[in-house]
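Novice: can you look at this prediction? I've put the sequence above it.
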Amino acid sequence: MKILFAIPLSILFYLSFGSTLLLFHLIQFLSYNLGGYSAHHKSVKAMNWTLMLCTKILGTSYRFSGKESIPKNVPLIFVSNHQSMFDISPIEWYLSEFHPKFISKKELGKGIPSVSYNLQKGGSVLIDRKDGKSSILQIKKLATYIKQNNYSAVIFPEGTRSRDGVPKAFKESGLKVLCKYADNAYIVPITINNSWKMQQKKFPMNLGVKIQLQCHEPIAVAKKDFDQLLYQVENIITSSVENPKK
């Protein structure tokens with residue numbers, strides 16, 4: 001019976017989601033070219049709120065926690081597990097005041113309305129996973145940028161999405177570069193739960209998914225042994241991931 005509702009609601013969702021991306025591509029373009037960074041940043045926040053609103057068609061709900069403990073006017077490194085493309089909008093909307101910038105694969109920098117434009121113009125970096133040297137230089141550039149502006153970087157150390165909700169092992173390279181060149185930053189571990197359930201299958205979408213985004217206590221990078229820091233952050237994040245079998 002549930003599938004009878006899921007099919008038409010999924011069609012409506014995809015139409016709304018796609019239309020939002022097309023509309024905000026124009027809004028972002030105008031905001032960036034007429035109002036500069038500040039106007040563009042506001043347009044991106046509005047876009048992500050609208051994209052989250054689109055998921056309400058599917059009965060999706062969101063629960064956020066932990067932002068009140070995040071320090072202001074310092075560079076931040078948000079480290080999160082990664083379950084689906086639906087992780088991005090909650091992070092960008094909920095943490096917008098910290099100006100989050102993403103480390104993304106270069107393939108996303110072209111051809112996707114709104115998404116590609118934001119990655120190109122919003123301060124994020126695009127990396128070539130096949131070119132390690134170039135990737136390190138790009139991440140170093142981002143670390144310097146957030147240090148100079150007291151902005152934030154977002155990194156998914158698993159490297160790819162966990163499509164079944166089970167966390168993958170964290171890779172150290174990107175986070176290590178961020179910590180080295182933004183050495184006065186605070187790491188904020190983030191645990192995301194249930195977003196993987198949105199796309200267990202491409203069609204129809206799952207209904208009534210309850211997505212949770214939990215920000216844990218910030219950790220100062222300064223004078224920390226990186227291996228211990230990575231272990232601590234990974235343990236904090238993964239220990240709060242819900243059992244996908246529930």
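Specialist: Thanks, I have it. Please read all numbers here as calculations on a predicted model, not as lab measurements.

Novice: tell me the centre residue of this structure?
Specialist: For the chain, the residue nearest the mean C-alpha position is Ile88 (3.6 Å; CA atoms, centre = their mean).

Novice: helix or strand for it, which one?
Specialist: Counting by DSSP states H and E, the element that carries Ile88 is helix 88-94.

Novice: other residues contacting that helix?
Specialist: 44-45, 48-49, 51-52, 62, 64, 67, 78, 80, 100, 102, 154, 190, 192, 195, 211, 213 (CB atoms under 8 Å, 6 or more residues apart in numbering). Using the backbone N, CA and C atoms, a C-beta is placed for each residue, glycine as well.

Novice: how about stretch 118-127?
Specialist: 28, 32, 37, 40-41, 44, 47, 99, 101-106, 108-109, 134-135, 138-139, 141-142, 145, 151.

Novice: give me the contact list for the longest strand along the chain.
Specialist: Counting by DSSP state E, the longest strand found in the chain is strand 186-193. Contacts to strand 186-193, defined as CB under 8 Å, 6+ apart, come from residues 70-71, 74-83, 87, 90-91, 152, 165, 179, 211-216, 218-221, 229, 233, 236-238, 240-242.

Novice: just the buried residues out of the contacts of stretch 118-127, in ChimeraX syntax.
Specialist: Selection of buried members from the contacts of stretch 118-127 for ChimeraX, criterion 16 or more other CB atoms under 10 Å:
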select :28,32,40,41,44,47,99,101,102,103,104,106,108,109,135,138,139,142,145,151
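
Novice: where do the strands sit along the chain?
Specialist: 61-65, 76-80, 100-105, 125-127, 152-155, 186-193, 210-215, 219-220.

Novice: quick check: the gap between the nearest residue to Tyr181 once chain neighbours are set aside and Asn48.
Specialist: Counting by CB to CB, 6 or more residues apart in numbering, Ala143 is the residue found nearest to Tyr181 once chain neighbours are left out, at 3.6 Å. Separation of Ala143 from Asn48 (CB to CB, to the nearest Å): 24 Å.

Novice: kindly report the same for Pro100.
Specialist: In terms of CB to CB, Pro100 sits 10 Å off from Asn48.

Novice: just Gln214 next, same as before
Specialist: Distance, Gln214 to Asn48, using CB to CB: 18 Å.

Novice: out of the two, which sits in the busier spot?
Specialist: Asn48 (22 against 19; other CB atoms under 10 Å).

Novice: and the pLDDT for that one?
Specialist: The model reports Asn48 with a pLDDT of 98.

Novice: residue contacts, it?
Specialist: Per CB under 8 Å, 6+ apart, neighbours of Asn48: 88-90, 92-93, 96.
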